[in-house]
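Peer 1: Build me a model:
(chains A and B)
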Number of protein chains: 2
Amino acid sequence: MPEHIPADSVGIISPKVQRFDEPLTLRSGRILESYELIYETYGELNADASNAILICHALSGDHHAAGYHSMEDKRPGWWDSCIGPGKSIDTNKFFVVSLNNLGGCSGSTGPTSINPETGKAYGPDFPIVAVRDWVRSQKRLADFLKIQQWAAVIGGSLGGMQVLRWSIQYPERLRHALVIASAPKLSAQNIAFNEVARQAISKDPDFHNGRYMDHGVVPKAGLSQARMLGHLTYMSGDAMKEKFGRDLKADELSFSFSPEFQVESYLHYQGQKFSTQFDANTYMLMTKALDYFDPTVDHDGDLVKCLSQAQCKFFVVSFTTDWRFAPDRSEEIVNALIQADKDVSYACIASENGHDAFLLPIPRYLDVFGAYMERVEGDIPACTKSTSIGTTEGELS
Amino acid sequence: MPEHIPADSVGIISPKVQRFDEPLTLRSGRILESYELIYETYGELNADASNAILICHALSGDHHAAGYHSMEDKRPGWWDSCIGPGKSIDTNKFFVVSLNNLGGCSGSTGPTSINPETGKAYGPDFPIVAVRDWVRSQKRLADFLKIQQWAAVIGGSLGGMQVLRWSIQYPERLRHALVIASAPKLSAQNIAFNEVARQAISKDPDFHNGRYMDHGVVPKAGLSQARMLGHLTYMSGDAMKEKFGRDLKADELSFSFSPEFQVESYLHYQGQKFSTQFDANTYMLMTKALDYFDPTVDHDGDLVKCLSQAQCKFFVVSFTTDWRFAPDRSEEIVNALIQADKDVSYACIASENGHDAFLLPIPRYLDVFGAYMERVEGDIPACTKSTSIGTTEGELS
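Peer 2: As a prediction, this is how the structure comes out:
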């Protein structure tokens, strides 16, 4: 737990839950009659609601991006290094909204929520959601919050895909798109890793075709394996060498199949921890959303044509040792934006931390991110109203 | 099946089995009282047994490296592209020996063999074997075959590790060491991939702690997942993009968790095929041999000091897109050999095929391999005996 809240923290935060009763027709054709979204906000919305930032989370992320839920919390939100007073996403200047996506397991409607048709948890009956479905649900949240145009929509990895989708789905609803450690669509190798992870989960005898809640169990072993594989591929080979090398747990080899090397123990720990915190059906759904994402499907596979619809400015960031979403994938986006005659800035940050780098406080990353955010601030239109429209944090809850 | 045997094939081959009754003390301290090795030979041993080549296999390889076992065989041995009359390893010139390693599941003593102490299959009681144990058992096979000095010992991947071990363990017993797509030891990332694969197997409910034979089952799902992961990492991202891209199996997405992309189907097919052909306990053992391999452990972690013991000449080969055993791992070996003042040639072959490249008929690879083998041939000492010592293939069986 924090002994005290750091001065550059957004402090103690209470999530809010909003229910939406307008049916949402999903990309799959299935319909969610109603749903709830859980979200947090940091900072204050200005009088004409022009300083709002939307944060889109990645595979295992949630709405809790910054600050603490209580003084008992051991750690702050997942992007606390970037969000707070004086940080890259400066909550003294911006009103930041961070939600848990549909299909998630942290409070928004998902497989662990009650299906009104059955009175039981959805489990595997929860529909597969696509990135465009998330963006539609996020747009409804923006409408509810009376945010007509985001100052910026920001996300890393799968979050970056939501940002790209925002830029073409609701082009007039954002001024800046910040796409970090992402890709215009998954590669065959990316899809293959996801499928191996899904196999690990679905072949766990405790998975029960996704109906594990009915059996009072959780497919821990499968979820743990999926996380081990994911975690391993989010690190760079060099970072693993630096962190673990070939160090052993004990003084000598045991010549057994129990974990003997430090790197094995570390991954087991990460896998087991995750398997008690995350929902397996949600993991399955999130990886499918990744696989399906391809905004060019409606544009003859042409990324330039696809991105031509965008009206916002772009900032794209990649990391040198990220091999899941390598710099050349970000550069595909950058090149298409240039060809589409869009305003784009790009930074490839030197880092040894692989894909994980986008979550880490790497000085040059924070610097260029912060510098771009000054540009986002500069693009906030001069206030046209003289009084607050009553959308401070407290009143929104 | 082959309609006819190609002219450059070694033809129809019958494996031979040799029993060894001298106990073998393993690196783990455990003792194999006796064991059998299955092997094949191609070509003819010359009069003074100076033209013999040893082939060391990789993780899932076996003794059947070239030719066919019958006219019903659908495919030749695993390295048929390199071994045969007129091929890189020319059986008109060399006598080639290829064995299945201890712990294997293709005929040499391993987990599926009968444990004389119990009268039942060893299963998980088969001791964990190390690369040095394999090399000792291979040396005994050389003694039995009356091969005092190999013209060359050759292997790729885990096979290359056996070659490195030969060069320092029995330095006077080989003239050339050909180390292909290998590494001086696994990286933390390599070990992590192996551990995830082992977890997939050991957490399969049909694994039964390795005693699946007692239960009349096979941990197919786990073995299949392990193979999917392995296969995926042996390919390069570019090769997967070229071969599969984001092509779908059907015309449209099904929005389900069954395989939808071609790359998923392909990996499922590879995994399922492997899971009916390979023994899970052997897979566990082979990955451990990989993890443990580090010839520098007896030399203060110093690869130069370690390789200083070698007396043979070296040929090291890597492939540009191999990211499991990347070129810089081969170059660690090359650099250490140069510092140790050894005779070493090195080729890094341009290929899109990742780690798999070492098994493929890539023209430049076959060319430089063949050119080096001419050097191996040139180093065969002039024959000192006038008559055959009776070690043609037929008489050895």
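Peer 1: List the residues that contact the residue positioned nearest the centre of chain A.
Peer 2: The C-alpha lying nearest the average C-alpha coordinate of chain A belongs to A:His57 (CA atoms, centre = their mean; 1.6 Å). By CB atoms under 8 Å, 6 or more residues apart in numbering or on different chains, the contact set of A:His57 is A:63, A:65, A:78, A:98-101, A:155, A:158-159. In short, each C-beta sits where N, CA and C put it, glycine included.
Peer 1: Might one say that A:Ser81 is in contact with A:Lys87?
Peer 2: Yes: between A:Ser81 and A:Lys87 there is a contact at 7.3 Å, judged by CB atoms under 8 Å.
Peer 1: These two: which has the busier surroundings?
Peer 2: For the pair A:Ser81 and A:Lys87, the greater number of neighbours falls to A:Lys87 (22 against 18), based on other CB atoms under 10 Å in any protein chain shown.
Peer 1: just checking, the more buried one touches A:Gly77?
Peer 2: No: between A:Lys87 and A:Gly77 no contact is recorded; they are 12.0 Å apart, counting by CB under 8 Å.
Peer 1: returning to that earlier point: joint contacts of A:Ser81 and A:Lys87?
Peer 2: Taking CB under 8 Å, 6+ apart as the criterion, A:Ser81 and A:Lys87 both touch A:Leu366.
Peer 1: For the contacts of A:His57, which ChimeraX command selects only the ones that are buried?
Peer 2: Written as a ChimeraX command, the selection of buried residues from these, which uses 16 or more other CB atoms under 10 Å in any protein chain shown, is:
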select /A:63,65,78,98,99,100,101,155,158,159
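Peer 1: Throw the contacts of A:His57 into JSON lines and include distance to B:Asp294, thanks.
Peer 2: Listed next are the contacts of A:His57 as JSON lines, based on distance: CB to CB, whole Å:
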{"residue": "A:His63", "distance to B:Asp294": "46"}
{"residue": "A:Ala65", "distance to B:Asp294": "43"}
{"residue": "A:Trp78", "distance to B:Asp294": "37"}
{"residue": "A:Ser98", "distance to B:Asp294": "46"}
{"residue": "A:Leu99", "distance to B:Asp294": "48"}
{"residue": "A:Asn100", "distance to B:Asp294": "45"}
{"residue": "A:Asn101", "distance to B:Asp294": "45"}
{"residue": "A:Gly155", "distance to B:Asp294": "42"}
{"residue": "A:Leu158", "distance to B:Asp294": "38"}
{"residue": "A:Gly159", "distance to B:Asp294": "40"}
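Peer 1: Kindly reformat the contacts of A:His57 as CSV and extend each row with pLDDT.
Peer 2: Written out in CSV, the entries for the contacts of A:His57 read as follows (pLDDT from 0 to 100):
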residue, pLDDT
A:His63, 98
A:Ala65, 98
A:Trp78, 98
A:Ser98, 98
A:Leu99, 98
A:Asn100, 98
A:Asn101, 98
A:Gly155, 98
A:Leu158, 98
A:Gly159, 98
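Peer 1: can you list the residues of the stretch 51-200 of chain A near chain B?
Peer 2: Taking CB under 8 Å from any CB of the partner chain as the criterion, the stretch 51-200 of chain A approaches chain B at residues A:127-128, A:185-189, A:191-193, A:195-196, A:198-200.
Peer 1: change it to 10 Å
Peer 2: Residues of the stretch 51-200 of chain A lying close to chain B (CB under 10 Å from any CB of the partner chain) are A:124, A:127-130, A:185-200.
Peer 1: Okay, and which of these map to strands?
Peer 2: Secondary-structure check on those using DSSP state E: no residue lies within strands.
Peer 1: Filter those residues down to the buried ones.
Peer 2: The neighbour-count test (16+ other CB under 10 Å) applied to these identifies A:124, A:127-130, A:185-200 as buried.
Peer 1: Now for A:Lys87 and A:Gly77: what residues contact both?
Peer 2: Contact criterion CB atoms under 10 Å, 6 or more residues apart in numbering or on different chains; residues shared by A:Lys87 and A:Gly77: A:9-10, A:66.
Peer 1: For chain B, state which of those is nearest.
Peer 2: A:Ala66 (30.7 Å; CB to the nearest CB).
Peer 1: Can you name the residues that contact the closest one?
Peer 2: For A:Ala66, the residues meeting the contact criterion (CB under 10 Å, 6+ apart) are A:9-11, A:13, A:40, A:42-43, A:55, A:76-84, A:87, A:89, A:91, A:96, A:98.
Peer 1: Would you state the helices of chain A in chain order?
Peer 2: Defined through DSSP state H, the helices belonging to chain A, from first to last, are A:131-144, A:158-169, A:188-202, A:220-234, A:237-243, A:262-275, A:280-292, A:303-307, A:327-339, A:363-378, A:393-396.
Peer 1: Of the ones you listed, which is nearest A:Phe255?
Peer 2: Taking CB to CB as the measure, these were each checked against A:Phe255, and helix A:262-275 came out nearest at 14.4 Å.
Peer 1: just the angle between that closest one and helix A:188-202, please?
Peer 2: In this structure, helix A:262-275 runs at an angle of 70 degrees to helix A:188-202, with axes from the mean of the first three to the mean of the last three CA atoms, to 10 degrees as the basis.
Peer 1: Restricting to C-alpha, output helix A:262-275 in CSV.
Peer 2: What follows is helix A:262-275, C-alpha atoms only, in CSV (Å, rounded to 0.1, in the frame of the first residue of the first chain):
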residue,chain,number,x,y,z
GLN,A,262,14.8,-18.2,-12.7
VAL,A,263,13.1,-17.3,-15.9
GLU,A,264,10.8,-20.3,-15.4
SER,A,265,9.9,-19.4,-11.9
TYR,A,266,9.2,-15.8,-12.9
LEU,A,267,6.8,-16.8,-15.7
HIS,A,268,5.1,-19.3,-13.4
TYR,A,269,4.5,-16.6,-10.8
GLN,A,270,3.2,-14.2,-13.5
GLY,A,271,0.9,-16.9,-14.9
GLN,A,272,-0.5,-18.0,-11.6
LYS,A,273,-1.1,-14.5,-10.4
PHE,A,274,-2.9,-13.6,-13.6
SER,A,275,-5.0,-16.8,-13.5
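Peer 1: any weak-confidence spans in chain A?
Peer 2: Applying pLDDT under 70 to chain A flags residues A:1, A:384-397.
Peer 1: domains of it?
Peer 2: For chain A, the domain assignment from automatic domain parsing gives the residue ranges A:16-185+A:294-396, A:192-286.
Peer 1: Switch those over to JSON lines; also include distance to B:Gly119.
Peer 2: Putting these into JSON lines (distance: least, CB to CB, whole Å) gives the following:
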{"stretch": "domain A:16-185+A:294-396", "distance to B:Gly119": "46"}
{"stretch": "domain A:192-286", "distance to B:Gly119": "24"}
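Peer 1: Ok, which of the ones you listed comes nearest B:Gln149?
Peer 2: Judged by CB to CB, the one of the domains of chain A that comes nearest to B:Gln149 is domain A:192-286, at 31.9 Å.
Peer 1: starting at the chain centroid, how far to that closest one?
Peer 2: Computed by CA atoms, centre = their mean, to the nearest Å, the separation of domain A:192-286 from the middle of its chain amounts to 20 Å.
Peer 1: quick one on the thing from earlier: which ones among the contacts of A:His57 lie within strands?
Peer 2: Secondary structure assignment (DSSP E) places A:98-99, A:155 from the contacts of A:His57 within strands.
Peer 1: can I get those in TSV with distance to A:Asp214?
Peer 2: Putting the ones in strands among the contacts of A:His57 into TSV (distance: CB to CB, whole Å) gives the following:
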residue	distance to A:Asp214
A:Ser98	32
A:Leu99	29
A:Gly155	34
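Peer 1: What's the separation between A:Leu186 and A:Ile349?
Peer 2: 22 Å (CB to CB, to the nearest Å).
Peer 1: what about A:Asp247, how many neighbours?
Peer 2: Using other CB under 10 Å: A:Asp247 sits among 11 other residues.
Peer 1: no wait, A:Glu332
Peer 2: Other residues within reach of A:Glu332, judged by other CB under 10 Å, total 15.
Peer 1: right, and it touches A:Ala183 too?
Peer 2: Yes: between A:Glu332 and A:Ala183 there is a contact under CB atoms under 10 Å: 7.3 Å.
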